[in-house]
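> Quick check, what structure comes out for this input:
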Amino acid sequence: MWKNELTRVLNISVPIIQAPMAGGPTSSSLVSAVSNAGGLGMIGAGYMSPSALKQQIQEVKKLTDKPFGVNLFVPTRYIVDDESLQKANSLLEPIRSDLGVEPPRQLPNYDRDMETFHRQINVILEEKISICSSTFGIPSQELMEKLKKKSIMIIGTATSVQEAIMNEMAGMDAVVVQGVESGGHRGTFLGDPEQSLIGLISLIPQVADNIGIPIIAAGGIMDGRGVMAAKCLGAKCVQMGTAFLVCDESGANLLHKDAIMQSTEDKVVLTKSFSGKLARGVNNHFIEVMKPFEDSFPEYPLQNELTNGIRKASKEAGNIECMSLWAGQSPRLAKKQSVKELIDNIKHEIEIFCNQD
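Have a look, this model is predicted:
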């Protein structure tokens, strides 16, 4: 049950990867705890500076001698539309005023984003990280070759069969197949994001029939039942986010964890309001108020920066109504426990299932 070609390459004893949740949840304690329990811990470096990434890698190395990886956001070009920026700022102003927040002084810049991305890659090479995954696109062939020359395993992300095929053609060693049930941002990079809202149970077998590289299933998986289902459909490993986000070692804010624990499947929605890119999280006042306007907001990462101060101030004030409470579609299955307890429980559930007549 636990061993296959992908677990052997990753050098892990259980086919469980901790989703690389950027923005704080993937603390050094969480990443190392997952790796120490036999899975693969992942640093979510999407919003990290190269120096902060280097520091966290070194922290994790002190906490585990097991393999762990780093996930990066691939920068994509975006249009800076003054009209949409002005409209978004106008809509956000009353909330900023209530929270005492100023508009951002500087907006994202593609060239600056790309420079940071290249410097993050250099940190991965310098620190001899063995596993690197990417989201929101596929790195250039030049960067892919640069990583492969150092024998770094590269994992892509796909939300459709065609995206999975593109990952394989680009030379990825494996691909995370992200179902619509996934929490946080959608990894879609090809075509209309609305057309890539495919359930995991439909997506895995269709991808498996069209590519030859190993599949890692992501989206709504919280326990042994989900792991078994993904395996039966053709996945070699699973990637779990929300289940680890609520664990004791997670760096997520306690308000965020509690909101997930108290939520239900019908309260976890897709929204563009916080970032300009579709993401799944617990519904709140901000999402409801901004819902009629979200299609007119600036593209990611522009909208993400416009709401950054609001999200931070809301968290500091203990107000979940303006926080981005990212979560997958199975909040009823979330449990307050340690990483070891979560993985041990999954192993126990699978053993029981396998021993049934």
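> How many residues are close by the nearest residue to residue 10 once chain neighbours are set aside?
Spatial nearest neighbour of residue 10, chain neighbours left out: residue 40 (5.6 Å); criterion: C-beta to C-beta, 6 or more residues apart in numbering. The C-beta positions use only the backbone N, C-alpha and C, and glycine is treated the same way. Neighbour count for residue 40, taken as other C-beta atoms under 10 Å: 26.
> My guess is residue 40 contacts residue 15. True?
No - in terms of C-beta atoms under 8 Å, residue 40 does not count as a neighbour of residue 15; the distance is 9.1 Å.
> overlap in contacts of the two?
Counting by C-beta atoms under 8 Å, 6 or more residues apart in numbering, the shared contacts of residue 40 and residue 15 are residue 237.
> Sticking with the closest residue in space to residue 275 that isn't next to it in sequence, tell me its helix or strand.
Nearest residue to residue 275, sequence neighbours excluded (C-beta to C-beta, 6+ apart): residue 304, at 3.9 Å. According to DSSP states H and E, residue 304 maps onto helix 302-306.
> Residue 244 now?
helix 242-245.
> what's the next helix or strand along the chain from that helix packed up against?
Next along the chain after helix 242-245, taking DSSP H and E as the criterion, comes helix 254-261. Judged by 3 or more C-beta pairs under 8 Å, 6 or more residues apart in numbering; DSSP states H and E, the packing partners of helix 254-261 are helix 242-245.
> so how far is the helix it packs on from its chain's centroid?
11 Å (C-alpha atoms, centre = their mean, to the nearest Å).
> do the same with stretch 347-357
Offset of stretch 347-357 from its chain centre (C-alpha atoms, centre = their mean): 29 Å.
> returning to that earlier point: next, count neighbours for the residue nearest to residue 275.
For residue 304, using other C-beta under 10 Å, the count is 22.
> Who are the packing partners of the helix holding residue 244?
Short answer (3+ C-beta pairs under 8 Å, 6+ apart): helix 242-245 packs on helix 254-261, helix 339-354.
> what's the following helix or strand after the shortest one?
For helix 254-261, the succeeding helix or strand toward the C-terminus, using DSSP H and E, is strand 268-271.
> strand partners of that next one, parallel vs antiparallel please.
Strand pairing for strand 268-271, determined by DSSP bridges: strand 279-282 (antiparallel).
> Following element in sequence after the strand it pairs with, please.
The C-terminal neighbour of strand 279-282 among helices and strands, as given by DSSP H and E, is helix 285-290.
> avg pLDDT for that next one?
Per-residue pLDDT values over helix 285-290 give a mean of 98.
> likewise stretch 293-313?
96.
> repeat for stretch 350-357
Here the average pLDDT along stretch 350-357 is 79.
> With stretch 56-71 instead?
On average, stretch 56-71 scores 98.
> Can you give the contact residues for that stretch?
Contacts for stretch 56-71 (C-beta under 8 Å, 6+ apart): 10-12, 20, 22, 28-29, 31-32, 34-36, 40-46, 48, 53, 120, 123-124, 127, 129-135, 153, 155.
> If we use 7 Å, what do you get?
Identification of contacts with stretch 56-71 by C-beta atoms under 7 Å, 6 or more residues apart in numbering yields 10-12, 20, 28, 31-32, 35-36, 40-46, 124, 127, 129-133, 135.
> nearest spatial neighbour of residue 31, skipping sequence neighbours?
Among residues not flanking residue 31 along the chain, residue 41 sits closest, at 3.5 Å (C-beta to C-beta, 6+ apart).
> ok but the one you found is inside a strand, no?
Yes - assigned with DSSP: H, G, I helix; E, B strand; the rest coil, residue 41 falls within a strand.
> Can we start the residue count at 882 from this point?
I'll keep to 882 as the first residue from here, and by that count the last item is residue 922.
> That one: what's it in contact with?
By C-beta under 7 Å, 6+ apart, residue 922 lies in contact with 899, 911, 912, 913, 915, 916, 949.
> Give me the subset of those lying in strands.
899, 949 (DSSP state E).
> List just the nearest of the contacts of residue 922 to residue 1151.
Nearest to residue 1151 out of the contacts of residue 922 is residue 899 (C-beta to C-beta; 22.6 Å).
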